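Engineer: Fold the stuff below for me.
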Amino acid sequence: MFLRIADHLVHCVVEGRADAPALLLLHSIGTTQNVWDPQAEALARRFRVIRPDLRGHGLSGVSPGEYSMRGLAQDAVALLDALGVAQAHVAGLSIGGRVALQLAADAPDRVASLLLIDTALDFPDPVTWQARIEAVRAGGTQVLADAVMPRWVAHPEAPAGEGLRWMLLRTDRTGYAAAAAALRDARADEVLGRIRAPATVMIGELDPVVPAEATAALCAAIPGARLVTLPGTRHIPNYEAPEALAAAMMAHLEARA
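Structural biologist: Numbering: from 1, shown residues only. Predicted coordinates for the structure are as follows:
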């Protein structure tokens, strides 16, 4: 479906019973809501699954200027409002996980629990992020593809890897750069000490993007957070270990439904 929320066009897929507990799924930078395709069917049997394309991604609108974690979290709240959802479990992958953290910090009453997948409190090295932003603005997302695909998945030549590459290539350069600015500017102190939702932190065993110390810091920042390692996966486990990811997500959700 398409929704116009304030001045922004949002594309969103909603699956499952309208009266089921809501589950908001937030994708990674350079992908779309389709990154959750391998998990959505199983999750929708028990939950009302809400899968938006983030601002500047997929079929959602691209707005001018740089984005922020707080602004992207506000987008999520506005979407829940538009759908009549008072509270949702929130799962986020990479930037989606950091947006989920911001949402839980800024609007704690809207978040039933958190599933934080291959994400971190912050993303150091702003110089590198700024260089990436400038490269994408100049040459589009294709300038990143060869470098990032082996970091996302172990076999970028496989059909799933090709699909992820196609998502990246189709991402608007302005939208990608604006979202990358949110990663560049993310600060741990925006959320530290403010997360009270029960959380499970998931990390790919071979993720080269999120270092082990960042995962440890994230777990330490959330009281009672549980850590799950996904064997053999890199930064985007959705296609590398679809059943294992779905099972781990369901275990977290069923314990809190």
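Engineer: Please count neighbours and contacts with C-alpha atoms only from this point.
Structural biologist: Fine.
Engineer: Which element, helix or strand, includes Arg194?
Structural biologist: Per DSSP states H and E: Arg194 is located in neither a helix nor a strand.
Engineer: just checking, it touches Ala105?
Structural biologist: Yes: assessed by C-alpha atoms under 8 Å, Arg194 is found in contact with Ala105 at 5.1 Å.
Engineer: Can you pick out the residue with more neighbours from those two?
Structural biologist: Higher neighbour count among Arg194 and Ala105: Ala105, with 22 against 16, using other C-alpha atoms under 10 Å.
Engineer: Could you list the low-pLDDT ranges of the stretch 1-150 of the chain?
Structural biologist: Applying pLDDT under 70 to the stretch 1-150 of the chain picks out no residues at all.
Engineer: Show me where the stretch 51-200 of the chain has its strands.
Structural biologist: 88-93, 111-117, 199-204 (DSSP state E, counting those that start in this stretch).
Engineer: Deepest-packed of the ones you listed, please.
Structural biologist: A comparison of these by mean neighbour count, using mean count of other C-alpha atoms under 10 Å, puts strand 111-117 on top with a mean of 27.
Engineer: Run the angle between that strand and strand 199-204 for me.
Structural biologist: 20 degrees (axes from the mean of the first three to the mean of the last three C-alpha atoms, to 10 degrees).
Engineer: quick one: strands adjacent to strand 111-117?
Structural biologist: Strand 111-117 has the following strand partners under DSSP bridges: strand 88-93 (parallel), strand 199-204 (parallel).
Engineer: Please convert those strands to a markdown table, extending it with distance to Thr31.
Structural biologist: A markdown table is the format used below for the strands paired with strand 111-117 (distance: least, C-alpha to C-alpha, whole Å):
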| stretch | distance to Thr31 |
| --- | --- |
| strand 88-93 | 10 |
| strand 199-204 | 18 |
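Engineer: Fine by me, thanks again.
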